[in-house]
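*Asks:* got a predicted structure here, sequence first:
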Amino acid sequence: MGHGISLFRRPLAFLNSLPAYGDVVEIRLGAQRAWLACHPELVHRVLMDARTFDKGGPQYDRLRPLMGNSLVTSAHEEHRRQRRLLQPAFHPSRITGYTQIMAEEAEAVCRTWRPGETVDVSAAMLALTTRVTSRVLFSDSLDAAAVAEVRDCLAALVRGLFIRTVVPVAPLFRIPAPANLRYRRAFDRLHAITDSVVEQRRRSSPRDDLLGTLLSAEEEDGPASPVTAQEIHDQLITLLLTGVESTAMCLGSLFGLLPAHPEAERRLHSEIDAVLPGGRRPGGEDLPRLVYTRCVVAETLRTYPPGWLFTRITTRDTELGGVRLPKGTTVLYSPYLLHHDPASFPEPDRFLPERWLPGPGAAARHGAMLPFAAGSRKCIGDTFALAEATLAVAAIAGRWRLRPLPGHAEQPRPAATLGPRALRMICEPRSHEPATEPRPHGTTARDPGPAHSAPAP
């Protein structure tokens, strides 16, 4: 098993222990040797040289059966064409158009909450991001039941992907154990739902959404490689998984952190009340004024980056930090580890949104901050995700203050992503909230669906 069990059982502590051994540290994932880059300059070199350090290693070996040959998993020589195809959907002008969807869904997710009730925040945030992503990809092609099923499938897949990455021993996952069966059912069902939506849309009128963009590209004639039906399928699966999970984890972590940092919470509420008087719905025009809200989102991404561990594979013999790496070597890097390096972030265990206010040193701090990677493989949806998270926080925190359950401490749990997976909190209305019929203290909100459980083999 190598270090896979330590990485599975206590991953963050294991990562934090590695810089003591050097800037590049050898670990073992099952029978495979791998090298983890611990220094930010070395990580930047890996990310900026995508030709030498290509997508690969145990993580992408497990993702490719799920995502196919898509924007996230494709090799360097194929990636540029796919990026050009999808980039227009994430142009700033298009994201401005998406902000109404983001705000509507954020408002909807907390509309049924009542004072004093207990809300499954993890499930609510996952429901929110699933609805936003499905509307951007498919417009209204998925009904409420299908959206809920997609959400549950994604939750099961994320649980299973992590253990398959850190303990890459294939025979373990062919055993008909309950966790393996859940993973396979979710895998099959997500692909079936996606195929059904595509086939339905082929028979209907064109729509101005991302699926419409892909279907139009499929019909175009030109010198570029044609977009195939399989590529459309793979890109949709990829954008569903990446678009839903990471932002949901960020939002869950943020609402879990705020009660322990009352001054940051007070300042956040003060800004939201000033920008959105009376608890009105936020819009894209409000984003430039939600400065501190963006800082809270950024500090959450520093503290608990949803994408916390990644692998690459060398395409030629090379060197990294004085270590010779033959072609085919697995290289890892961890945004979590870099974000908690005191050389880049003094007092790294303190939650300080003020780190991200404009001022001296801001560029250096941003250089060590890698929640969306860097270089040519930087996340295509980074601006989309930041807008979605900022508007969701403004909409929810403008109406509600979420308090932890007495005696309950839910810590973010690493799986394929990092975040709280069973965070339950008590709703308290903000002062401007209109009076409603309170429920008895401790009663539970209508559950939008099961949250992620702890990852299990």
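*Replies:* Sure, I can see it.
*Asks:* please enumerate the strands of the stretch 101-250 of the chain.
*Replies:* If you assign secondary structure with DSSP state E, counting those that start in this stretch, the strands in the stretch 101-250 of the chain sit at 118-120.
*Asks:* give the residue spans of it that score low on pLDDT.
*Replies:* In the predicted model, the stretch 101-250 of the chain carries pLDDT under 70 at residues 166-169, 221-225.
*Asks:* repeat for the stretch 351-457 of the chain
*Replies:* Flagging of the stretch 351-457 of the chain using pLDDT under 70 yields the residue ranges 360-366, 431-457.
*Asks:* now Gly407: how far from Ala264?
*Replies:* Between Gly407 and Ala264 the distance is 23 Å, computed by C-beta to C-beta, to the nearest Å. Every C-beta, even on glycine, is put in place using the N, C-alpha and C of the backbone.
*Asks:* so for these two, which residue has more residues nearby?
*Replies:* For Gly407 and Ala264, the more surrounded residue by other C-beta atoms under 10 Å is Ala264, and the numbers stand at 19 against 5.
*Asks:* following element in sequence after the helix or strand encompassing that one, please.
*Replies:* The secondary structure element spanning Ala264 is helix 262-275 (assigned by DSSP states H and E). From helix 262-275 onward toward the C-terminus, using DSSP H and E, the following helix or strand is helix 291-303.
*Asks:* mind giving me the packing neighbours of the helix holding Ala264?
*Replies:* Secondary-structure packing of helix 262-275 (3 or more C-beta pairs under 8 Å, 6 or more residues apart in numbering; DSSP states H and E): helix 291-303, helix 382-397.
*Asks:* need those helices in a markdown table with distance to Val197, can you?
*Replies:* Putting those into a markdown table (distance: least, C-beta to C-beta, whole Å) gives the following:
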| stretch | distance to Val197 |
| --- | --- |
| helix 291-303 | 30 |
| helix 382-397 | 20 |
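*Asks:* out of the ones you listed, nearest to Asp49?
*Replies:* Across the helices and strands packed on helix 262-275, the minimum distance to Asp49, taken as C-beta to C-beta, is reached by helix 382-397, at 20.1 Å.
*Asks:* and the helix holding Ala264, what's buried?
*Replies:* When burial is assessed from 16 or more other C-beta atoms under 10 Å, helix 262-275 yields the following buried residues: Ala264, Glu265, Arg267, Leu268, His269, Glu271, Ile272, Asp273, Val275.
*Asks:* for the fifth one, what are its contacts?
*Replies:* The one in question is His269. Going by C-beta atoms under 8 Å, 6 or more residues apart in numbering, His269 touches Ala397, Arg401, Arg430.
*Asks:* buried only: go through these for me.
*Replies:* If you count burial by 16+ other C-beta under 10 Å, the buried members of the contacts of His269 come out as Ala397, Arg401.
*Asks:* any chance of the contacts of His269 in TSV, plus distance to Ala37?
*Replies:* Supplementary listing: the contacts of His269 in TSV, determined by distance: C-beta to C-beta, whole Å:
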residue	distance to Ala37
Ala397	36
Arg401	40
Arg430	44
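*Asks:* of the contacts of His269, which is the nearest to Phe310?
*Replies:* Looking at the contacts of His269 and their distance to Phe310, the nearest is Ala397, at 30.5 Å (C-beta to C-beta).
*Asks:* residues contacting the nearest residue to Ala217 once chain neighbours are set aside?
*Replies:* Beyond its immediate neighbours in the sequence, the residue positioned closest to Ala217 (C-beta to C-beta, 6 or more residues apart in numbering) is Val227, lying 4.3 Å away. Contact analysis of Val227 by C-beta under 8 Å, 6+ apart lists Leu85, Leu214, Ala217, Glu218, Glu220.
*Asks:* return the residues in contact with the closest residue to the second one other than its chain neighbours.
*Replies:* Just to be clear, that refers to Leu214. Closest residue in space to Leu214, ignoring its immediate chain neighbours: Ile232 at 4.6 Å, by C-beta to C-beta, 6+ apart. Counting by C-beta under 8 Å, 6+ apart, Ile232 touches Val198, Leu211, Leu214, Leu215, Glu218.
*Asks:* roughly how far does Ile232 sit from Leu85?
*Replies:* For Ile232, the distance to Leu85 (C-beta to C-beta) stands at 10 Å.
*Asks:* next: Val24.
*Replies:* Spatial separation of Val24 from Leu85 under the definition C-beta to C-beta is 35 Å.
*Asks:* over to Gln200?
*Replies:* Between Gln200 and Leu85 the distance is 22 Å, computed by C-beta to C-beta.
*Asks:* how far off centre is stretch 177-196?
*Replies:* 20 Å (C-alpha atoms, centre = their mean, to the nearest Å).
*Asks:* stretch 284-298 now?
*Replies:* Chain-centre distance of stretch 284-298: 19 Å, with C-alpha atoms, centre = their mean.
*Asks:* can I get the buried residues of helix 262-275 in TSV with pLDDT and distance to Asp61?
*Replies:* As requested, the buried residues of helix 262-275 are arranged in TSV below (pLDDT from 0 to 100; distance: C-beta to C-beta, whole Å):
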residue	pLDDT	distance to Asp61
Ala264	97	40
Glu265	97	42
Arg267	97	44
Leu268	98	41
His269	97	45
Glu271	97	44
Ile272	97	43
Asp273	96	49
Val275	97	46
